[in-house]
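**Q** sequence and computational prediction follow.
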Amino acid sequence: MICEASSLKKYIDKSSNIFFVFGSEIVLRNSSVDHINQFFKSVGYSEKKAIHEKDFLNIEKILYENAGGTLFGSKTIIEIFHNGGKIPKEITNIFEFPNINKMQNIIIVIRSALEKINNSTKWVKKMDESALIIQCNKLKSFEEKAWVKNQLGFMNEEDAKEYSNRISDTFSGNLVAQNNEINILKLTYKENISNKEISSDNAEFLPYELEDKIIELNTSYALRIAKSIKKNDDHYGPLLVWIMGKIINTSISAHQNINKTSSLEKSGIWKSKIPTYVGFIKQNTLNKMMPLQKKIYELDLAAKGLAGITKDQFWQEIDNMIIKLTST
């Protein structure tokens, strides 16, 4: 069965135990996976495991080991990360496993970077028989407005309506930017305030605080820092690019060394930060990080006025990079 991301709530408790999430809108992909995790955690799936590319050869073994439940009777959500390219046979073979969609102790969530799938291919037809396929396409204008309004449930009705209109009008067609604003509002919103300008966080931060929040995978707080620096000290923009470039290059170097701790030490990372860096690196594969090197180079050119983009576009690209680095 296939459904749009906006319809996931209707089908999540009526489908099988396998979910395939794909599409061109990364915000919807992430929110769909978050909703699946939250729903099944609420009904007793207390364990979670991640399978990345280096572990694909062990997919079958991992699934069957967990299908019987853990020693303590807990159930497991297993996330499989497909970061791009052709779907490997280790993933498509899942739909050939006997009774895989009837194993009650595991939930399988396949997070794919594919933007489209061909419904006529054999593996998609097989998947359609045993999984819920969640399509996360770009939203139309009226769908964007409804999506933004739905995310503002933490506000009173009047404020939610006003903020949703402001966000939708300001960042029309850019769900990433709209989501950034929502994340900031979750941190800063208070009822009965007269100033309803978006991005109204008045806290001030030092640029180097961004590194800590990125490697902690704290998307909302990292975005808050970037927004504050844009507002109060926008001349630090090139420094933020350098900080993110440092994180990317350090992580790539560590990925390419057997001893990651030693690599991080040689890169000049403080010992107190190394455990957090190791956790960050585990969640950000080499395949994910390599293309970001080029993106950082382009951001560096933009910071020097050599990329032909506006100031607002530059800061939006910084937000986009933060989301890419902190989204797992």
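**A** Structure's in. What do you need?
**Q** the strand or helix carrying Arg111 pairs with which strands, parallel or anti?
**A** Per DSSP states H and E: Arg111 is located in strand 106-112. If you go by DSSP bridges, strand 106-112 pairs up with strand 18-22 (parallel), strand 76-82 (parallel).
**Q** alpha carbons only: can I get it in PDB?
**A** Coordinates of each C-alpha in strand 106-112 appear next as PDB, following Å, rounded to 0.1, in the frame of the first residue of the first chain:
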ATOM      1  CA  ILE A 106      10.000  -5.800  15.100                       C
ATOM      2  CA  ILE A 107       9.100  -2.700  13.100                       C
ATOM      3  CA  ILE A 108      11.200  -2.200  10.000                       C
ATOM      4  CA  VAL A 109      11.600   1.400   8.800                       C
ATOM      5  CA  ILE A 110      13.500   1.900   5.500                       C
ATOM      6  CA  ARG A 111      14.600   5.500   5.100                       C
ATOM      7  CA  SER A 112      15.500   6.000   1.500                       C
END
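**Q** with respect to burial, which of the strands paired with strand 106-112 scores highest?
**A** Most buried of these, by mean neighbour count (mean count of other C-beta atoms under 10 Å): strand 18-22, with a mean of 24. In short, each C-beta sits where N, CA and C put it, glycine included.
**Q** flag every buried residue along the lowest-mean-pLDDT helix or strand in the chain.
**A** When each helix and strand of the chain is scored by mean pLDDT, DSSP states H and E, helix 175-188 comes last, with a mean of 78. Using 16 or more other C-beta atoms under 10 Å as the burial criterion, the residues of helix 175-188 that qualify are Leu175, Ala177, Gln178, Asn179, Asn180, Glu181, Ile182, Asn183, Ile184, Leu185, Thr188.
**Q** so what touches the helix or strand just after it?
**A** Sequence order places helix 209-215 as the next helix or strand after helix 175-188, per DSSP H and E. With contact meaning C-beta atoms under 8 Å, 6 or more residues apart in numbering, helix 209-215 is reached by 221-222, 225-226, 229, 240, 243-244, 246-247, 273, 276-277, 279-280, 322, 325-326.
**Q** list the buried residues in helix 209-215.
**A** Buried-residue list, helix 209-215, by 16+ other C-beta under 10 Å: Glu209, Leu210, Glu211, Lys213, Ile214, Ile215.
**Q** from the chain's centroid, how far away is stretch 294-302?
**A** 21 Å (C-alpha atoms, centre = their mean, to the nearest Å).
**Q** hmm, I was thinking of stretch 128-147
**A** 16 Å.
**Q** between the two ends of that stretch, how far is it?
**A** End-to-end distance for stretch 128-147: 26 Å, by C-alpha to C-alpha, to the nearest Å.
**Q** got the contact list for it?
**A** 1-6, 8, 11-12, 15-16, 18-26, 28-29, 32, 95, 100-101, 108, 110, 117, 119, 124, 127, 164-165, 168, 172-173, 175, 178.
**Q** CA atoms only for stretch 150-169 - export them in PDB, please.
**A** What follows is stretch 150-169, C-alpha atoms only, in PDB (Å, rounded to 0.1, in the frame of the first residue of the first chain):
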ATOM      1  CA  ASN A 150      -0.700  21.500  11.800                       C
ATOM      2  CA  GLN A 151       2.800  21.900  13.200                       C
ATOM      3  CA  LEU A 152       1.800  24.900  15.400                       C
ATOM      4  CA  GLY A 153      -0.400  22.900  17.700                       C
ATOM      5  CA  PHE A 154       1.600  24.200  20.700                       C
ATOM      6  CA  MET A 155       0.100  27.700  20.100                       C
ATOM      7  CA  ASN A 156      -3.400  29.000  20.700                       C
ATOM      8  CA  GLU A 157      -5.700  29.000  17.700                       C
ATOM      9  CA  GLU A 158      -5.400  32.700  16.900                       C
ATOM     10  CA  ASP A 159      -1.600  32.800  17.100                       C
ATOM     11  CA  ALA A 160      -1.300  29.600  15.100                       C
ATOM     12  CA  LYS A 161      -3.400  31.100  12.300                       C
ATOM     13  CA  GLU A 162      -1.300  34.300  12.200                       C
ATOM     14  CA  TYR A 163       2.100  32.700  12.400                       C
ATOM     15  CA  SER A 164       1.200  30.100   9.800                       C
ATOM     16  CA  ASN A 165       0.200  32.800   7.400                       C
ATOM     17  CA  ARG A 166       3.400  34.800   8.000                       C
ATOM     18  CA  ILE A 167       5.700  31.700   7.700                       C
ATOM     19  CA  SER A 168       3.900  30.400   4.500                       C
ATOM     20  CA  ASP A 169       4.000  33.900   2.900                       C
END
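**Q** nice, that's everything, thank you.
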